[in-house]
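[1] Predicted model and sequence follow; I will ask about them next.
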Amino acid sequence: YHSIRHSSTPGANKSIYVFGSCDTKYAEVRHLGNLIANKLSKWSEPCIADTTVKIVDTSTSQCVTYSDASTDRNSDGQFHVDFTCRDLVPEFDAIQALDRNASADIMSKHLRAFIAKEHTNKKVAGVIGVGGSMGTAITSSAFSKQLPLGLPKIIISTVAASPMAPDYIGCSDLVLMPSVADICGLSDIYTTIAENAASSIVGMAQNYRMNEME
């Protein structure tokens with residue numbers, strides 16, 4: 001995974017953020033990030049041609065990633081991302097001892113604060129997540145509550161068609177894209193869905209930015 005940045009344009013300094021639990025879905029998250037970066041470099045309009053991709057690890061059970069900012073606190077990380085779960089949650093070591101629901105609640109709280117800060121600083125061109133029931137709950141809470149109507153937000157989810165879907169969406173314009181099957185490796189089904197999701201988020205980000213500039 002590599003961020004892509006081009007020549008200076010009106011869309012400079014904004015990013016599409018890709019969220020997922022890298023302890024179980026790193027390959028899937030990275031694949032989605034690469035697809036988005038490739039599409040941004042090949043066919044985006046000048047207004048978002050400078051947009052980068054940032055990977056955010058929302059794991060709650062273990063931290064397998066490292067970032068430039070957290071190397072000293074997480075030197076054993078295997079995979080590089082832009083923001084690790086330790087970057088998001090300073091007390092990450094403590095939440096590992098909690099049950100699944102309690103640790104997810106803490107991650108959700110910190111993720112909401114993170115997204116709100118990035119949006120306030122005008123860094124967000126769009127957000128997209130990958131997850132099962134827990135991952136969807138964590139990311140949807142932040143996407144639906146902290147970002148305005150119109151700003152692109154998508155989650156590839158195993159529970160997009162479940163009875164809980166309205167609770168995840170709330171009163172937002174969050175798009176839940178069905179993963180069709182379990183998200184477990186780079187299957188033909190997942191890569192097809194991810195390709196469409198990447199195209200969708202880039203197209204939505206482009207349209208949102210053009211509307212901002214009018």
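    All right, it came through fine. No experiment lies behind these values; they were computed from the predicted model shown.
[2] Surely Ala125 touches Ser15?
    Yes: with contacts counted by Cβ atoms under 8 Å, Ala125 reaches Ser15, the gap being 6.0 Å. C-beta coordinates here come from the backbone N, C-alpha and C atoms, glycine included.
[3] Please report how far Val29 lies from Leu35.
    Taking Cβ to Cβ, to the nearest Å as the measure, Val29 falls 11 Å from Leu35.
[4] Just give me the residues shared between the contact sets of Ala125 and Ser15.
    Thr51 (Cβ atoms under 8 Å, 6 or more residues apart in numbering).
[5] And the two? Which one has more around it.
    Neighbours per residue, other Cβ atoms under 10 Å: of Ala125 and Ser15, the larger number sits with Ala125, 28 against 23.
[6] Is that one in a helix, a strand, or coil?
    At Ala125 the chain is in strand, as set by DSSP: H, G, I helix; E, B strand; the rest coil.
[7] ok, and the closest non-adjacent residue to it?
    Closest residue to Ala125 in three dimensions, ignoring its sequence neighbours and counting by Cβ to Cβ, 6 or more residues apart in numbering: Lys14, at 4.0 Å.
[8] quick one, what contacts that neighbour?
    Taking Cβ under 8 Å, 6+ apart as the contact definition, Lys14 lies against 48, 50-52, 122-125, 209.
[9] cool, and Lys122?
    Lys122 sits next to 13-14 when contact means Cβ under 8 Å, 6+ apart.
[10] hang on, the earlier thing: include pLDDT and distance to Arg112 when you put the contacts of Lys14 into JSON lines, please.
    Supplementary listing: these in JSON lines, determined by pLDDT from 0 to 100; distance: Cβ to Cβ, whole Å:
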{"residue": "Ile48", "pLDDT": "83", "distance to Arg112": "25"}
{"residue": "Asp50", "pLDDT": "88", "distance to Arg112": "27"}
{"residue": "Thr51", "pLDDT": "93", "distance to Arg112": "23"}
{"residue": "Thr52", "pLDDT": "94", "distance to Arg112": "22"}
{"residue": "Lys122", "pLDDT": "93", "distance to Arg112": "18"}
{"residue": "Lys123", "pLDDT": "95", "distance to Arg112": "16"}
{"residue": "Val124", "pLDDT": "96", "distance to Arg112": "13"}
{"residue": "Ala125", "pLDDT": "95", "distance to Arg112": "19"}
{"residue": "Arg209", "pLDDT": "89", "distance to Arg112": "24"}
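[11] tell me, how many neighbours does Tyr168 end up with?
    If you count neighbours by other Cβ under 10 Å, Tyr168 ends up with 22.
[12] what about it, helix or strand, and which?
    In this structure, Tyr168 sits in helix 165-169 according to DSSP states H and E.
[13] Tell me, how many residues neighbour the closest residue in space to Ala102 that isn't next to it in sequence?
    The spatially closest residue to Ala102, leaving aside those adjacent along the chain, is Ile95, at 7.4 Å (Cβ to Cβ, 6+ apart). For Ile95, the neighbour count with other Cβ under 10 Å is 19.
[14] separation between Ile95 and Cys63?
    Using Cβ to Cβ, we find Ile95 at a distance of 11 Å from Cys63.
[15] List the contacts of the residue nearest to Gly170 when sequence neighbours are not counted.
    In space, and not counting its chain neighbours, Gly170 is closest to Ser144: 4.5 Å by Cβ to Cβ, 6+ apart. Contact partners of Ser144, counting by Cβ under 8 Å, 6+ apart, are 153, 168-172, 174.
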